[in-house]
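Asker: Sequence and computational prediction follow.
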Amino acid sequence: MSHGKHFTLFGHKKAPNGWRVPIILEELGLTYETVYLDFTKGEQKAQEYTKYNPNGRVPAIVDHKNNDVVLWESDAIITYLVDNYDPEHKISVADPIEKYYQLQWLFFQASGQGPPFGQAAWYVVFHNEKIPSIQERFRNEIKRVFSVLENVLSKQEWLVGGKPTVADLSFIPWNNFVLPGGVPGVEKERAVVNFDFEAEYPATAAWHKRLIERPAVKKVYALRESLNA
């Protein structure tokens, strides 16, 4: 493993969770080298990787400037990064109570957004058997999550602290993945989201647009696009 960069990041060229941590690393100006695992070869389940992440999923990081600390689970990694490398609170909050508000949104992303968005993508795009009732179930969960966000974002510009933080940034990859054009190689007509995002959730759509226009996010997604071209 190379130690030329501050971090080694284990990710995947397409999987949304593999792109959440790079956004935070770029926002904080931290250097890293990414090892892209090949899921078709089962590299994420091989001992060479599970010695870092016993769950056999991405992402995981190694912090070479902090005794080679190894962390997995993207929201744990994100919390570690801002706690240790965002002293000016560029993308995090300083107030002790607001830290818990920030954490609650990270937990909501991990439990409320990621799993149903992923299941929707699986059953709509990738699963061999098309089961309308299951597709509808998870598409409805996407709408429920967007409704939660819309309820908050219709009253305030950002989720926590009156500024963009990791609470907001953590939602980008899965939002991008389910919106039209989000799955590489899949026609927009087969997009996971089958409703008008901007019309039904205008505040959430405007929030998402503000986030994806950030330079760090653009840089990460330009790389992702080049890798999947």
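Answerer: Structure received. In this text, all values refer to a predicted model and were calculated from it rather than measured experimentally.
Asker: Residue 43 and residue 64: what is the separation?
Answerer: Residue 43 sits at a distance of 21 Å from residue 64 (criterion: Cβ to Cβ, to the nearest Å). Placement of C-beta: from N, CA and C, glycine included.
Asker: Give me the neighbour count for residue 181.
Answerer: Counted by other Cβ atoms under 10 Å, the residues lying close to residue 181 total 11.
Asker: what helices or strands is the helix or strand where residue 209 lies leaning on?
Answerer: Per DSSP states H and E: residue 209 is located in helix 202-212. If contacts are counted by 3 or more Cβ pairs under 8 Å, 6 or more residues apart in numbering; DSSP states H and E, helix 202-212 sits against helix 132-153, helix 166-169, helix 172-178, helix 197-200, helix 215-227.
Asker: Using TSV, lay out those together with distance to residue 73 and mean pLDDT.
Answerer: Conversion of those to TSV gives the following (distance: least, Cβ to Cβ, whole Å; pLDDT from 0 to 100):
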stretch	distance to residue 73	mean pLDDT
helix 132-153	19	96
helix 166-169	14	98
helix 172-178	15	94
helix 197-200	28	95
helix 215-227	19	95
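Asker: could those be laid out in a markdown table, adding distance to residue 21 and mean neighbour count?
Answerer: Shown next, in a markdown table, are the helices and strands packed on helix 202-212 (distance: least, Cβ to Cβ, whole Å; neighbours: other Cβ atoms under 10 Å):
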| stretch | distance to residue 21 | mean neighbour count |
| --- | --- | --- |
| helix 132-153 | 21 | 16 |
| helix 166-169 | 10 | 24 |
| helix 172-178 | 10 | 24 |
| helix 197-200 | 25 | 13 |
| helix 215-227 | 10 | 15 |
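Asker: Tell me which of those sits nearest to residue 49.
Answerer: Checking the helices and strands packed on helix 202-212 against residue 49 by Cβ to Cβ gives helix 215-227 as the closest, at 18.7 Å.
Asker: Give me the angle between that closest one and helix 202-212.
Answerer: Angle, helix 215-227 to helix 202-212, by axes from the mean of the first three to the mean of the last three Cα atoms, to 10 degrees: 80 degrees.
Asker: Tell me how the protein divides into domains.
Answerer: Domain assignment for the chain, taken from automatic domain parsing, gives 7-85, 96-227.
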